[in-house]
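A.B. asks: sharing a sequence plus its predicted fold:
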Amino acid sequence: MSSPPVAVTAGPLPPSSRYRHPGDVIRLISAGLLLAGALIASAIAFRWLLGPAASVPGGLGVAGQVITGLVQVACLAAAAVVIVATLRRRRFRLLAGLAAGAVAAAGLAYGIFALLGGERPAVLMTNQARGAWLASAAFPAPALFASAAAVVVAAAPWLSRPWRRAAWLTLLLAAAARLLAGAVLPMEVILALAAGVTVGAAVLVTFGVPDRRIGPAGIVAALRDAGLPVQSVRPAEAESKGSKKFAAVLADGRRLFVKALGSDQRDADLLYRGPPPRCSRRSSDRPSSLSWPNGPGYPHPPSTGSSGRGTPRCSSWNGSTAARWTGGRLARSATTCSRGCGRRWASCTGPESPTARCGPPT
């Protein structure tokens, strides 16, 4: 006999470890515009930028061969470091994305140079025909620089700031060395780097970046540091555009609705609404803006300074909104707005909505 069916309640699926950052869309658009501008300039002035009349820097003789050999060794070493580091940390998805970006960037660069076509300067061809340590001086080709730029951009979210700087410095030094050796043209380097950055940003937009946005533990720490006796914080089931929502319970039983705004929301505002006011830099693991309730019993939001008349110089609580929880539902929103950076408190629109945003200063 078969056993009776058992009802099982399915819990929520775990959140994805990646998400699409609006800043990557901005980088993709900017790099695409740079690439388009370089293409237009190359097509208009091909003879002087890529053609026979193009200026070929360098020509260092034996020193140029040594420089080319060092760049060749550095390229192979960098590729080995990327492969070993990703495999050692079992980042197979990341390695696949980097490989796809490198191949796509190289293909795009080859396609661009094939589309432009034409004859190259005789001095450049002579320099590339010379021998070097591992291959001819034509290696690494500009398409390889496009691949390297795509890998650096696509791997940047997984690297610390010193490693990102080291990667870009190495890439730029290699490009400068190739220019000094007279093995590439300046416009070839510009086109290759622009193509690589565009493809790298496209990889980030397509596959996403690590989700390091603040969670309940970070909200608890931030509110306690600000003077609110928080007992618990959980994700709030409320609709709100852009920000992450949380429901906080204070020690005395009061319930608060909290919105945390980070760099992704600032980039989204820049992408869709224009540049926001510039404020002080904050650590990536802390919220740049939190909701804050008004009324008795609540401390005032902290700021980074004051002008002596109660107006913050650069508030770290920009565009914040808050609402108290009453019987499990959002009650009337209590909104605190600041545009910071020497501006006075701004007016707020939609005070009845948990998604109210700051308006222009009044």
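C.D. replies: Happy to help now that I have it.
A.B. asks: which strands or helices does the helix or strand hosting Gly107 pack on?
C.D. replies: Assigned by DSSP states H and E, Gly107 belongs to helix 92-116. If contacts are counted by 3 or more Cβ pairs under 8 Å, 6 or more residues apart in numbering; DSSP states H and E, helix 92-116 sits against helix 22-44, helix 62-88, helix 142-155, helix 186-207. Just so you know, the C-beta spots here come from the backbone N, C-alpha and C atoms, and that holds for glycine as well.
A.B. asks: give me whichever of those helices is most buried.
C.D. replies: helix 142-155 (a mean of 26; mean count of other Cβ atoms under 10 Å).
A.B. asks: so which residues of the stretch 151-300 of the chain form helices?
C.D. replies: In the stretch 151-300 of the chain, the segments counted as helices under DSSP state H, counting those that start in this stretch are 161-180, 186-207, 216-225, 263-272.
A.B. asks: quick one: which of those helices is nearest Ala129?
C.D. replies: helix 161-180 (15.1 Å; Cβ to Cβ).
A.B. asks: which helices and strands sit right next to the closest one?
C.D. replies: Helix 161-180 packs on helix 62-88, helix 142-155, helix 186-207, going by 3+ Cβ pairs under 8 Å, 6+ apart.
A.B. asks: got those helices as CSV, with distance to Arg120 columns?
C.D. replies: Below are the helices and strands packed on helix 161-180 laid out as CSV (distance: least, Cβ to Cβ, whole Å):
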stretch, distance to Arg120
helix 62-88, 17
helix 142-155, 11
helix 186-207, 9
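A.B. asks: weakest of those by average pLDDT?
C.D. replies: Note on these: helix 62-88 shows the lowest mean pLDDT, a mean of 93.
A.B. asks: what angle do it and helix 161-180 make?
C.D. replies: Orientation check (axes from the mean of the first three to the mean of the last three Cα atoms, to 10 degrees): helix 62-88 against helix 161-180 gives 150 degrees.
A.B. asks: now helix 62-88 and helix 142-155, what's the angle there?
C.D. replies: Using the same axes, to 10 degrees, helix 62-88 lies at 40 degrees relative to helix 142-155.
A.B. asks: contacting residues around the closest residue in space to Ile112 that isn't next to it in sequence?
C.D. replies: In space, and not counting its chain neighbours, Ile112 is closest to Leu191: 5.8 Å by Cβ to Cβ, 6 or more residues apart in numbering. By Cβ atoms under 8 Å, 6 or more residues apart in numbering, the contact set of Leu191 is Leu35, Ala38, Leu39, Ser42, Ala109, Ile112, Phe113, Pro142.
A.B. asks: how near is Asp252 to Leu228?
C.D. replies: 11 Å (Cβ to Cβ, to the nearest Å).
A.B. asks: between those two, point out the one with more neighbours.
C.D. replies: Leu228 (20 against 8; other Cβ atoms under 10 Å).
A.B. asks: surely the more buried one touches Val249?
C.D. replies: No - proximity of Leu228 to Val249 does not meet the contact threshold set by Cβ atoms under 8 Å, at 10.7 Å.
A.B. asks: wait, what's in contact with the spatially closest residue to Leu76 that is not a sequence neighbour?
C.D. replies: With sequence-adjacent residues excluded and distances taken as Cβ to Cβ, 6+ apart, Leu76 is closest to Leu134, at 7.3 Å. Residues in contact with Leu134, defined by Cβ under 8 Å, 6+ apart, are Gly69, Gln72, Val73, Leu76.
A.B. asks: out of these, the closest to Gly118 would be?
C.D. replies: Gln72 (26.6 Å).
A.B. asks: in space, what's closest to that closest one - neighbours in sequence excluded?
C.D. replies: Leaving out its chain neighbours, Gln72 is closest to Leu134 (Cβ to Cβ, 6+ apart), at 4.4 Å.
A.B. asks: what kind of secondary structure is that neighbour in?
C.D. replies: Following DSSP: H, G, I helix; E, B strand; the rest coil, Leu134 is assigned to coil.
A.B. asks: show the pLDDT at it.
C.D. replies: Predicted confidence (pLDDT) for Leu134: 89.
A.B. asks: could you do Ala268 as well?
C.D. replies: According to the model, Ala268 scores 62 on pLDDT.
A.B. asks: circling back: which of the residues in the helix holding Gly107 are buried?
C.D. replies: 94-95, 97-102, 104-106, 108-109, 112-113, 116 (16 or more other Cβ atoms under 10 Å).
A.B. asks: now stretch 211-223
C.D. replies: By neighbour count on 16+ other Cβ under 10 Å, the buried set for stretch 211-223 is Arg213, Ile214, Gly215, Pro216, Gly218, Ile219, Val220, Ala222, Leu223.
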